[in-house]
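>>> mind looking at a prediction? Sequence and model below.
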Amino acid sequence: MRGHIRKDGNKYCFVIDIGRDPETGNRRQEWFYGFDCKKDAQKEMISIIHQINQGTYSNPQRTTLIDYLQVWLRDYAKVNTAPLTYEGYEYIVTSHILPTPLAEIPLNDLKPLDIQGYYSRKLENGKKDGSGGLSAKSVYSHHRLLHEALEHAVRWQMIDSNPMKSVIPPRPKRKHFDVLTREQIHFLLQEAKKSKFYYPIYFAIHTGMRRGEILGLKWQDVDLTNQVVSVRRSVQRVNGQGIIFKDTTKNDGSRRTVAISSSVIETLRTIEAKQSRHKQSYGIHYQDYGLVFANDNGSPFDPDGLSRGFRRLVKNLEIPHIRFHDLRHSHATLLIQQGEHPKVISERLGHSTITVTMDTYSHVMPHMQKEAVRKWDDFLYGGQDEPYRTS
């Protein structure tokens, strides 16, 4: 394979012979323009010839959006994102973007208006069963995928700029969630004792940890002496893989230490004793993953099974029909109402920033403002009328 560099006005270009068309027998060439100096043109020419020889080259002038996204999924997302994240990305690309005209637009010709139109059509009639449009939250997930994928296209020098920077995504409505009162929590825990998921429910209420984090907790993560647990992994169910363990990364806010109370310590000791009896009962058939919360035979709980079991439990109780994840919200909301600092709560929940915490629980903040005013008056005047008030 050969290449030739030529002067093109005050710029340089090069052409590469890539053989003959197998059907017509005609000579095939690719031209590349716009290099400021001969050295840059030569460097790029050598790189492209190497890619062609390795079978990895894709000309961005001919590469469509769907061509690129499939490569991005295979070579980046599958390697660098969590299995559930990759699964979601793959679904968006294959089930939503692929069947649309957006997919066939050449990568270099892609404009913000093309993507804006795609969003509009998805909001109007984007459901796969034809029953209506996707929610703003769903379309926003498409926006995040496209923004990340095309940002990599810029880094990989396939396009000069990311058109997503000029696209206005739909803003998801703030999702309402129910939380439990102190009395409802006591009632739920009493009723949950009949469920095999009692201990994960108890732990979610007392720590605010996520479902997968609770089910991924191992005894090696528990420090009974210092009364803390370390969040290092989560359990997930992934299509085609079953139940997997996902380690949290060191730069992820989810990787954290969570303080636990004396009552939680006693509950953990009870769990430990029960597991010891189960190990003796099952003998060599016990599946010892070292998990704190597990089936009687030691195998991991199915996270989706936990959610289904929790829904069945609360369905028959005279409390709000909350999700398992709302136990986390209940924990945080009650802490805020007790006057705990949002920074402490943010660290406890494993939020990436305190802003996430403040945005999520902004509905509780007016109560905090009123409570702060009351405390200020109590501190300054001891509950008495202000002595400096003018008539």
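Structure's in. What do you need?
>>> contact partners for the residue nearest to Gln227 when sequence neighbours are not counted?
Nearest in space to Gln227, with sequence neighbours left out and distances taken as Cβ to Cβ, 6 or more residues apart in numbering, is Ile260 at 5.4 Å. Glycine gets a C-beta too; all of them are placed from N, C-alpha and C. Taking Cβ atoms under 8 Å, 6 or more residues apart in numbering, we find Ile260 in contact with 206-207, 227-229, 268.
>>> now those: which count as buried?
Among these, those classed as buried by neighbour count (16 or more other Cβ atoms under 10 Å) are 206-207, 229, 268.
>>> I'd assumed Ile185 was in contact with Ile205.
Yes: using Cβ atoms under 8 Å, Ile205 is in contact with Ile185, at 5.9 Å.
>>> which SSE is the residue nearest to Asn239 when sequence neighbours are not counted in?
Distances taken as Cβ to Cβ, 6+ apart place Glu87 nearest to Asn239, at 6.0 Å, with adjacent residues excluded. Per DSSP states H and E, Glu87 falls inside helix 83-91.
>>> what's downstream of that helix, the next helix or strand?
Assignment by DSSP H and E places the next element after helix 83-91 at helix 112-125.
>>> so what does the helix or strand following that next one touch, helix or strand wise?
Using DSSP H and E, the helix or strand that directly follows helix 112-125 along the chain is helix 136-155. Helices and strands touching helix 136-155, by 3 or more Cβ pairs under 8 Å, 6 or more residues apart in numbering; DSSP states H and E, are helix 65-72, helix 112-125.
>>> report the separation between the most centrally placed residue in the chain and Leu145.
In the chain, the residue lying closest to the centroid (Cα atoms, centre = their mean) is Thr85, at 6.4 Å. Distance of Thr85 to Leu145, given as Cβ to Cβ, to the nearest Å: 10 Å.
>>> that older thread, helices - which of the buried ones among the contacts of Ile260 land there?
206-207, 268 (DSSP state H).
>>> Gln54: which of the residues you listed is nearest?
Thr207 (50.2 Å; Cβ to Cβ).
>>> what is in contact with Ile205 and Ile185 at once?
With Cβ under 8 Å, 6+ apart, Ile205 and Ile185 have common neighbours Ser330.
>>> if we can go back for a sec, and the helix holding Glu87, how far out from the chain's middle?
Put simply, helix 83-91 sits 10 Å off its chain's centre (Cα atoms, centre = their mean, to the nearest Å).
>>> so which elements touch that helix?
Applying 3+ Cβ pairs under 8 Å, 6+ apart, one finds that helix 83-91 contacts strand 233-238.
>>> can you list the strands that the strand it packs on pairs with?
Paired strands of strand 233-238, with direction, are strand 242-247 (antiparallel) (DSSP bridges).
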